[in-house]
Every structure is written in C-alpha cells, then in structure tokens.
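Visitor: Following is a predicted model, sequence given first.
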Amino acid sequence: MKIDFKKINSSHLALMGILVVVMVGGFSLFKQEKTSAATEVLPEVVAETLPESSGPADMDVFAKCLNDSGAKLFGAVWCPHCQAQKKVFGESVQYINYIECSPDGTKTQAPVCKDAGIQGYPTWQFADGSEILGEASFEQLSERTLCPL
C-alpha cells in the first residue's frame with residue numbers, strides 16, 4: 001500500500017497525533033497499574049507460598065539427634081552441593097558427623113570414604129545402611145533417623 005503524502009491534510013495529522021498520545025498514555029497507565037498491583041499482591045503471594053517452617057524449630061537439637069542416630073554426612077571441600085548441605089544447618093553443623101573425603105582438596109578420595117563405599121558427594125549414610133546421595137531435605141533426614149523436626 002502506497003501512501004500519498006500530498007493528500008494528508010492537517011486534520012489527518014491532528015488525528016494521528018491524538019492517537020499516538022492516547023496510545024502512549026494508555027500504555028503508561030497500564031504499566032503503572034500493573035506495577036502497583038504487583039507490589040500490593042507480592043507480599044501475600046510470598047507469605048502463602050513459603051512453608052510454615054523452613055527448618056527444625058531447634059536446629060541444634062535436630063543436628064545432635066542426627067549425630068546420635070548414627071547419620072554421617074560424607075562430602076568434599078571442593079563440592080558446592082556439600083557446602084550448600086552444610087550451610088542449611090548454620091552453626092549447628094558442628095553437631096553433624098561430617099566426614100571430609102578430600103582433606104587435601106584434590107579429587108583423591110580419603111581411605112575412610114573408600115572403605116564406606118562413597119560414590120558421590122554429598123552422601124548421607126544411616127545406621128541401617130541406607131543412603132541418600134545428594135543434598136537431603138530436613139524431612140528426608142527426619143524420616144530416615146526419626147529425629148523430630
């Protein structure tokens with residue numbers, strides 16, 4: 001379609017200008033309304049989707065119970081999943097029976113980990129001989145050890 005600009009008069013230009021202003025203004029209002037609605041709704045959505053408890057009520061008690069149950073956490077200093085697993089326990093990690101499988105920081109596995117049959121990190125071993133390979137949730141640990149959350 002070819003537009004003949006010679007036939008466009010001032011009334012056409014005025015109409016096009018009004019349309020542009022209305023469109024830009026409408027978009028601005030829509031964006032502003034959407035943004036303000038999102039900030040009003042966000043706290044409620046976050047509150048509804050977060051679990052009631054992100055961990056045990058008393059982390060020290062839970063970590064000590066894991067230790068008393070015979071649970072062992074095997075990991076390596078260079079393993080990011082091992083660091084993440086330990087981090088969820090905060091300062092209570094001191095009560096976890098953690099076995100470092102790479103004390104020199106290399107990929108060479110410590111004899112204690114070879115003897116335990118550790119194939120990957122992190123690995124949780126339990127008194128009944130079962131294992132969880134990878135990061136374990138508090139719920140999984142509680143189920144395996146009967147330690148209350």
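Guide: Received the coordinates, thanks.

Visitor: Okay, domains of the chain per the record?
Guide: 5-49, 59-145 (automatic domain parsing).

Visitor: Pull the residues that contact stretch 131-149.
Guide: The contact list for stretch 131-149, computed with Cβ atoms under 8 Å, 6 or more residues apart in numbering, reads 53, 55-57, 62, 65-66, 69, 71, 81, 84-85, 88, 119-120, 122-126, 128, 130. From N, CA and C alone the C-beta is placed, and that goes for glycine too.

Visitor: Could you list the low-pLDDT ranges of the protein?
Guide: Counting by pLDDT under 70, the chain shows low-confidence ranges at 1-54.

Visitor: show me where it has helices.
Guide: Using DSSP state H, the helices of the chain run over 10-49, 59-68, 80-87, 111-115, 138-145.

Visitor: ok so, going back, out of the contacts of stretch 131-149, which end up buried?
Guide: Neighbour-count burial (16 or more other Cβ atoms under 10 Å) is assigned, among these, to 56, 62, 65-66, 69, 71, 85, 122-126.

Visitor: among those, which two are most distant?
Guide: Using Cβ to Cβ, the pair of the buried ones among the contacts of stretch 131-149 lying farthest apart is P56 and T123, separated by 21.3 Å.

Visitor: Just to be sure, which of the contacts of stretch 131-149 are found in strands?
Guide: 123-125 (DSSP state E).

Visitor: Can I get those residues in a markdown table including distance to C147?
Guide: Output for the ones in strands among the contacts of stretch 131-149, formatted as a markdown table (distance: Cβ to Cβ, whole Å):
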| residue | distance to C147 |
| --- | --- |
| T123 | 18 |
| W124 | 12 |
| Q125 | 15 |
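
Visitor: Just give me the closest of the residues you listed to G75.
Guide: Distances from G75 to those, taken by Cβ to Cβ, are shortest for T123, at 7.7 Å.

Visitor: any idea how far the closest residue to T108 other than its chain neighbours lies from Q119?
Guide: Spatially, and ignoring its direct neighbours in sequence, T108 is nearest to S102 (7.0 Å; Cβ to Cβ, 6 or more residues apart in numbering). To Q119, S102 is 14 Å away according to Cβ to Cβ, to the nearest Å.

Visitor: Kindly report the same for A84.
Guide: 19 Å.
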